[in-house]
Every structure is written in structure tokens, then in C-alpha cells.
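Colleague: My questions concern the predicted model and sequence given below.
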Amino acid sequence: MNIRLDETLQDRWIQEGEGWQFVMPTDWMQGRSVFGGVTAAAAVALGGRILGSARLLRTMNIHLVRPTVPGPVRGDAQIIRQGKNVSFVHVNLSQDRGVTATATLVFSQAGVSNLETSGEMPNGLAEPDSLPSMPHVPGIVPDFIKQVDLKWLHGSPPFSGSETAEFGGYCRFRVPAGSAEGVVALLDVWPCPSLSQLAAPAPASTVSWTAHIVEPNADLSDWCYFTYKTVVGKDGFHTCAGTLFDGRGVLIGYTEQLVAVYG
């Protein structure tokens, strides 16, 4: 079963009593779990569904408690506060073994203020068509990569024994995507930069993830540029920060993850 990573995810949530049910797909696997970007997008979709307004997602903070596996998942959502300009929504996702993810979402009206600043995409980058795509290597590259096209631009790939934990490249979905759900998912497609410093494959998993959505209605049909670096890593826990630009060079999202690295 395939899905679209856009606002249509909201329609996939079916109300059952006081809760909601969503069916996680089988073709977005990341190890033994569904790709975290899909799990987060599902939580965002449920938040938007129960909010029932034209407010836009601004921030998502999600804790990935245990693997979310393909099949039915229960969603419980609550509007914590509905203010004049900002709404706070809490979402829990659970399966047979218990809660798999818990998220706090912040939505707001558009045009709350006219004050603007913007991030800038680097100049002079190579064109995407001149770069090879990342191949799917079973056992090393997650299966969900079949749904995404990644092109390394600078820095080193995972398990290459690099001295640095920073890289950048182009990315886009091979399936239609858009809206806040698509931006959230695209922010999660790249691996933890710290893995570049390892010389051999080792497991890693996201513990906590915060995403700021600058352009909830960004056009994701073109190549996007992503830059990612490890801010600090110690005792097996690494904080990674990244910025995502659309095909016009407009900053559309910022991500920060706490990743457990077992290498």
C-alpha cells in the first residue's frame, strides 16, 4: 500500500469511538520500523484533522518511543489550547505494544506579523542532473530510499570514516508530496551526519525530533537542497541540525534531532 505525503493523509485517519485509526504502509520501511518521516507526517495529519481550521503547522516536536510497524495504528489527539493566533495540539500514536510516538504540534494563522528574515542557500552549487543518485544497498541503505531520490553534493556518506560530520545534497520524493506533511517527511530522509565518521555500518535511531516549518505549502515537485551537520555528539547521543531549501532557494524547513548512535 502506497500513500501520498500531503494533506490527503488527513483523510486516511478514520474515527473509531473516541480515537482514530490509520494504516501504516509496508513500502516505507527503515530497518524494523516504518520510516520516521511517515510516522511524523501521520501525526501532523491527525493534528490538522482534529483542529479543523485553516491554521498552518509551524512546529512539530515528536518523541519516537518505539518502532511503529506496518498495519493499524491508533491515534489519540487533543487540542491543548486554541488561542487567537496559535493552537497547540498533542497527539499519541499507539499499537499493540503501547505508545510508539508522542507529538506536540503548533499551528498558527498566516500573517501574524510582517517582520521577516530569511536563510540563504549557498551559491555556486553543482546542478542535480550532474550528480549520481544514492543507490539502494540492502542491509545498509533503508528500504524507504526507493521512494526518495538523494544526490550527495558535499561531505561524506555514512560509514566512510570521514573526519567531519557534515554534508549537503539534493533530495525529492519519487511519489507526489506536498503541504506540511510532505515537508516534515522530507526533513527526515537524510541519515545522521555522525554516521559518516564510522568506518563500518552501525545502528542508529532518532529519540527526539523538532521541526520548524517555514513554508507549509512549499512546492516539493522540484529538487530541494538540504544541509545537515552534527552539532555535538557524546555518550552515544548526537544532536544534528539541518536546513531545507526548495527549488527556488527559499528556506522551507529546519530540523533538529537527537539521535542514538550505537557504533
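Modeller: Sure thing, it's come through.

Colleague: Now the element after the longest helix along the chain, going C-ward?
Modeller: Criterion DSSP state H: the longest helix present in the chain is helix 36-51. Next helix or strand after helix 36-51 toward the C-terminus (DSSP states H and E): strand 56-64.

Colleague: What strands flank that following strand, and is each parallel or antiparallel?
Modeller: Next to strand 56-64 in the sheet, as set by DSSP bridges, lie strand 98-108 (antiparallel), strand 204-213 (antiparallel).

Colleague: can you redo those strands as TSV with distance to Val261, mean neighbour count and mean pLDDT?
Modeller: In short, each C-beta sits where N, CA and C put it, glycine included. Shown next, in TSV, are the strands paired with strand 56-64 (distance: least, Cβ to Cβ, whole Å; neighbours: other Cβ atoms under 10 Å; pLDDT from 0 to 100):
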stretch	distance to Val261	mean neighbour count	mean pLDDT
strand 98-108	20	20	97
strand 204-213	5	20	96
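
Colleague: Mind putting these into a markdown table with distance to Tyr262?
Modeller: Shown next, in a markdown table, are the strands paired with strand 56-64 (distance: least, Cβ to Cβ, whole Å):
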| stretch | distance to Tyr262 |
| --- | --- |
| strand 98-108 | 20 |
| strand 204-213 | 7 |
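
Colleague: what about the ones you listed, which gets the closest to Asp219?
Modeller: Asp219 sits nearest to strand 204-213 of all the strands paired with strand 56-64, at 14.1 Å, using Cβ to Cβ.

Colleague: contact partners of that closest one?
Modeller: Applying Cβ atoms under 8 Å, 6 or more residues apart in numbering, the external contacts of strand 204-213 come out as 36, 40, 56-64, 180, 183-184, 187-188, 191-192, 194-195, 237, 252-263.

Colleague: at 6 Å what do you get?
Modeller: Strand 204-213 is contacted by residues 36, 57-64, 180, 183-184, 187, 192, 253-261 when judged by Cβ atoms under 6 Å, 6 or more residues apart in numbering.

Colleague: Out of the strands paired with strand 56-64, which gets nearest to Met24?
Modeller: It's strand 98-108; of the strands paired with strand 56-64, that one is closest to Met24 (Cβ to Cβ) at 9.4 Å.

Colleague: show me the contacts for Thr255.
Modeller: Thr255 touches Leu187, Ala211, Gly242, counting by Cβ under 6 Å, 6+ apart.

Colleague: Quick check on the contacts of strand 204-213: which are buried?
Modeller: Among those, the ones that count as buried by 16 or more other Cβ atoms under 10 Å are 36, 57-62, 64, 180, 183-184, 187, 192, 253-257, 259, 261.

Colleague: where do the strands sit along the stretch 51-200 of the chain?
Modeller: For the stretch 51-200 of the chain, applying DSSP state E, counting those that start in this stretch gives strands covering 56-64, 71-82, 86-95, 98-108, 148-154, 166-173.

Colleague: got the angle between the third one and strand 98-108?
Modeller: This points to strand 86-95. In terms of direction (axes from the mean of the first three to the mean of the last three Cα atoms, to 10 degrees), strand 86-95 departs from strand 98-108 by 160 degrees.
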